[in-house]
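Asker: need a 3D model of the sequence below.
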Amino acid sequence: MSFSPKFAAAPKESGKSGTIKKILATTSVALMLAACGPSTSSYPTTSGRGPTNPNPDPNEKRESIFGEDGLVLFGGESNDDPAGGGGIGVNSFLWRASLDTVSFVPLASADPFGGVIITEWYSDPSSPTERFKLTVYILDKRLRADGLKVAVFRQERAGDEWRDAGANATTSVQLENAILMRARELRVNTLEADDG
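Answerer: The predicted structure follows:
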C-alpha cells in the first residue's frame, strides 16, 4: 500500500516563464530602491518669496491664517473683558449665579462652555407626590436679562409611575429673576473689590 500526500508539492517553474518572472521581480526591486535616492525636484523652496513663503525676510514675523494674535483658545489673556468671561464660554456672573441658585437640586450635568446646567429630578420632602427638574440656558457672554432662560419640568406620581404634568409658567420667571439678582450682586461685589 502506498501513501500519497493530499497536497503534492508544486512543480518547480522552469523555462521562459520562470526566467521572465525572476527578471520582472529583480527589475521592480531595483526600481523601488532607485526611487529612494536623492531627488532633484523643481518644487518651490521655503527660502525667498514665493507661494509657500510670502515673507522674503526669514526674521520677519510670519503671516498666519488665524490673524495677528494667532489661534486664541479659552478667551486668551485679555484683561479688558467687560463681560466677565473668565475663560468660559458664557458670562461668568450668570454662570456662578445659576449654580448658586439651583444648588439645592442635585446636578446631572454642567457645561460652562455651552452654558447649560441640567439638574436631576428633585422631590421636595413636603410634597413627595411631585418632582421637578431644571434646565438653565445661559445664552450670552454679557450680563443681560435676555441672556438667560430657565426651563422647569414637573411630574406627578400616579401609582408606581411618574407622569408629566404642566409646570407653572411663573416658576421659571421667578428662577430667572433670582439668578439675575444674584449675578448682579456678584458683579457689584467684584467691581467693589477691584476699586478697593
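Asker: low-confidence stretches in this structure?
Answerer: Applying pLDDT under 70 to the chain flags the ranges 1-15, 34-35, 37-87, 196.
Asker: would you map the strands across it?
Answerer: 107-111, 116-119, 130-138, 148-158, 161-165 (DSSP state E).
Asker: Leu175 is nearest to which of those?
Answerer: Proximity to Leu175 (C-beta to C-beta) singles out strand 148-158 among the strands of the chain, at 4.5 Å. For every residue, glycine as well, the C-beta is placed using N, CA and C.
Asker: what helices and strands are in contact with that closest one?
Answerer: Counting contacts by 3 or more C-beta pairs under 8 Å, 6 or more residues apart in numbering; DSSP states H and E, strand 148-158 packs against strand 130-138, strand 161-165, helix 169-195.
Asker: which residues touch it?
Answerer: Residues outside strand 148-158 that contact it (C-beta atoms under 8 Å, 6 or more residues apart in numbering) are 94, 98, 121, 128-139, 162-168, 171-172, 175-176, 179-180.
Asker: residues of that strand that come out buried?
Answerer: 148, 150, 152, 154-155 (16 or more other C-beta atoms under 10 Å).
Asker: CA atoms only for that strand, dumped as PDB, please.
Answerer: Extracted in PDB, the C-alpha atoms of strand 148-158 (Å, rounded to 0.1, in the frame of the first residue of the first chain):
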ATOM      1  CA  LEU A 148     -30.800  83.600  30.500                       C
ATOM      2  CA  LYS A 149     -33.600  81.000  30.100                       C
ATOM      3  CA  VAL A 150     -34.800  78.500  32.700                       C
ATOM      4  CA  ALA A 151     -37.000  75.500  31.700                       C
ATOM      5  CA  VAL A 152     -38.900  73.700  34.500                       C
ATOM      6  CA  PHE A 153     -40.200  70.200  34.100                       C
ATOM      7  CA  ARG A 154     -42.700  68.700  36.500                       C
ATOM      8  CA  GLN A 155     -44.000  65.200  37.100                       C
ATOM      9  CA  GLU A 156     -46.700  63.800  39.400                       C
ATOM     10  CA  ARG A 157     -46.800  60.300  40.900                       C
ATOM     11  CA  ALA A 158     -49.700  58.200  39.700                       C
END
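Asker: okay, angle between it and strand 161-165 too, please.
Answerer: If you take axes from the mean of the first three to the mean of the last three C-alpha atoms, to 10 degrees, strand 148-158 sits at 140 degrees to strand 161-165.
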